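# fold the following, please.
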Amino acid sequence: MIGAISTNRRWLLGIAWLLVCLRAVDASAGPVVVNESFSPVLWGPSAAPSDYLQYGLQIDSGASPTLEYLNVVGADGSWLVRNMAVGVQNGVQDVVMNVGLNDFHAGVAYQTILTTDAQSTAPTFNSGTVRLLSAPVNYMGNDGFGITDFGEFKPPGPYVPPKPPKPLVDPPPPAIFIYRNDMPSLIQGPNQCVPTAFAMSTSWLIKRNGLKGTSDPDTIRDALIQFMKTDPAEGTTIGAAANGIEKYDSDKHLPIEIGQIDNSGSGYVANLLQALENGDDVEFLFKWLLSTGGHAVTIVGALNTTPVAYMKGEDQSATVWFIDPGDGKVHEDSITVTTTNGVVSVYISGYGTYLSVAVDEQVTPEPPTVILPLVGLAIYSLRRVRARNTRQLRLNKRELAANIPCPPRTANY
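Here you go, the predicted model:
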């Protein structure tokens with residue numbers, strides 16, 4: 001009897017150990033695609049048709065995120081979704097990405113393939129599922145005048161796919177990415193993309209750094225609408241946005257310094273990643289190149305996609321994730337940094353436009369109070385020297401307006 005009990009205990013222990021191993025294998029198995037959708041994109045308050053397709057994805061990354069690349073290829077040889085970086089989010093999350101509508105053919109079988117490395121050519125189609133278009137989605141339906149200075153929004157130009165990554169060395173360099181699962185998400189009101197984007201980032205900075213004052217994003221957004229003088233019919237001017245965020249920080253005694261990501265030092269992508277790694281927050285403000293209208297989004301994370309992304313050169317590239325106030329969703333997109341005649345441009349593939357400015361917000365350490373009486377309050381008003389390659393810039397209308405001109409699309413594609 002004792003021997004039987006001992007044997008049974010060994011069996012039970014063996015089964016328990018097997019279950020533990022299976023859980024461990026499952027936890028490290030990488031991301032799992034839960035659901036997919038393919039929706040035509042309509043743009044602006046007029047719901048104008050476009051040649052963009054929203055690929056919607058629900059991905060389960062488990063408790064231990066593992067970076068992989070998702071590609072969707074068709075039986076007809078089409079490469080619909082190219083190197084979508086997944087697995088960086090905790091748990092189950094919805095992510096969307098804009099691709100080319102003309103690359104999708106309803107009734108064709110498509111296969112979703114996950115790989116550990118970015119692909120420079122389309123993966124081979126083996127077998128897939130026949131896909132149909134879902135109901136259309138309306139981007140910026142509530143944002144006809146997001147940024148007043150850029151005019152009324154009209155649909156963007158034609159979709160231009162991102163360039164495939166160059167073949168990597170063997171072994172490839174480790175991917176470096178930053179992703180913030182705790183960024184709050186807000187959906188904007190009429191023409192409120194600017195105060196909404198800054199409200200999400202300000203809320204995140206307050207929570208992360210334990211600053212005094214409310215961190216409720218809705219409350220912050222309501223205040224910024226007033227500080228930025230956002231008009232429900234005509235949006236926010238650049239000057240009012242710059243003055244408004246500065247006045248809000250001052251009024252709430254928030255030690256937040258505002259600057260801009262640029263191409264100095266190690267290059268644009270490296271500076272963007274470094275800013276995020278330092279705990280800064282970044283907002284993208286852009287103007288449609290072949291149209292009019294502007295928009296603002298809050299950056300959630302970034303990933304270097306090629307080794308050259310850490311070089312100050314002609315072909316830097318990266319994946320970025322941002323929350324678009326238009327729908328409150330996490331969007332994934334590809335950016336390409338090029339230099340033409342000394343002018344640096346950042347192309348955002350899924351939105352068909354060039355970046356106007358990347359605003360960088362950084363919490364600055366407050367000096368010890370025992371030092372203030374000794375050195376005088378004037379020292380406190382001086383800006384500290386940044387420990388990274390971002391150019392100091394007070395965000396006012398004149399300086400931001402200088403970033404509006406962009407090279408023509410045909411210069412790079």
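
# Trp276 touches Ile299, doesn't it?
For residue 276 the amino acid is Leu, not Trp. Yes: assessed by CB atoms under 8 Å, Leu276 is found in contact with Ile299 at 7.2 Å. All C-beta spots, glycine's among them, are computed from the backbone N, C-alpha and C.

# which of those two has more neighbours?
Neighbour totals were compared for Leu276 and Ile299, and Ile299 leads with 27 against 22 (other CB atoms under 10 Å).

# just to revisit the earlier point, now do the shared contacts for Leu276 and Ile299.
Taking CB atoms under 8 Å, 6 or more residues apart in numbering as the criterion, Leu276 and Ile299 both touch Val282.

# pLDDT score assigned to Thr336?
Looking at Thr336, its pLDDT reads 84.

# so which elements touch the strand or helix carrying it?
When elements are assigned from DSSP states H and E, Thr336 belongs to strand 329-340. Counting contacts by 3 or more CB pairs under 8 Å, 6 or more residues apart in numbering; DSSP states H and E, strand 329-340 packs against strand 92-100, helix 268-277, strand 316-324, strand 343-348.

# please identify the buried residues of that strand?
Neighbour-count burial for strand 329-340, counted by 16 or more other CB atoms under 10 Å, picks out 329-339.

# partners of the closest residue to Glu36 other than its chain neighbours in the sheet?
Nearest residue to Glu36, sequence neighbours excluded (CB to CB, 6 or more residues apart in numbering): Leu57, at 5.8 Å. Beta-bridge partners recorded for Leu57 (DSSP bridges): Glu36, Val95.

# next, count neighbours for the nearest residue in space to Thr112 that is not next to it in sequence.
In this structure, Thr112 finds its nearest non-sequential neighbour in Val72, 5.3 Å apart by CB to CB, 6+ apart. Neighbour count for Val72, taken as other CB under 10 Å: 26.

# Val72: what secondary structure?
Assigned state for Val72: strand (three-state reduction, DSSP: H, G, I helix; E, B strand; the rest coil).

# got a list of what it touches?
Residues counted as contacts of Val72 (CB under 8 Å, 6+ apart) are 55, 79-81, 110-113.

# from the residues you listed, which land in strands?
Using DSSP state E, the members of these that fall within strands are 55, 79-81, 110-113.

# closest to Tyr351 out of these?
Nearest to Tyr351 among the ones in strands among the contacts of Val72: Tyr55, at 14.2 Å, using CB to CB.

# would you agree that closest one is in contact with Val96?
Yes: counting by CB under 8 Å, Val96 is a contact partner of Tyr55 at 6.8 Å.

# coming back round to it: need the contacts of Val72 in CSV with neighbour count, can you?
Formatted as CSV, the contacts of Val72 follow (neighbours: other CB atoms under 10 Å):
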residue, neighbour count
Tyr55, 22
Trp79, 20
Leu80, 23
Val81, 24
Tyr110, 21
Gln111, 16
Thr112, 17
Ile113, 18
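
# how close does Arg131 sit to Val95?
According to CB to CB, to the nearest Å, Arg131 stands 18 Å off from Val95.

# again, but for Leu254
Leu254 is 30 Å from Val95, by CB to CB.

# Val73 pairs with what?
Val73 forms beta bridges with Trp79, Gln111, as assigned by DSSP bridges.

# wait, what's in contact with it?
Neighbouring residues of Val73 by CB under 8 Å, 6+ apart: 79-80, 110-111, 113, 122-125, 128.

# tell me which of the buried residues of strand 329-340 is nearest to Lys207?
Of all the buried residues of strand 329-340, Val330 has the smallest distance to Lys207: 18.1 Å, by CB to CB.

# you'd agree the closest one is up against Met97?
No: if you go by CB under 8 Å, Val330 and Met97 don't touch, sitting 9.7 Å apart.

# which stretches of this protein form helices?
For the chain, the helices defined by DSSP state H occupy 2-27, 193-209, 217-227, 238-251, 268-277, 372-375, 377-381, 397-401.

# circling back: give me the distance between the residue nearest to Thr112 and Gln111.
Separation of Val72 from Gln111 (CB to CB) stands at 7 Å.

# now do Gly244
Relative to Gln111, Gly244 is positioned 48 Å away (CB to CB).

# in the chain, which ranges drop under the pLDDT threshold?
Low-confidence segments of the chain, defined by pLDDT under 70: 1-29, 163-174, 305-315, 366-413.
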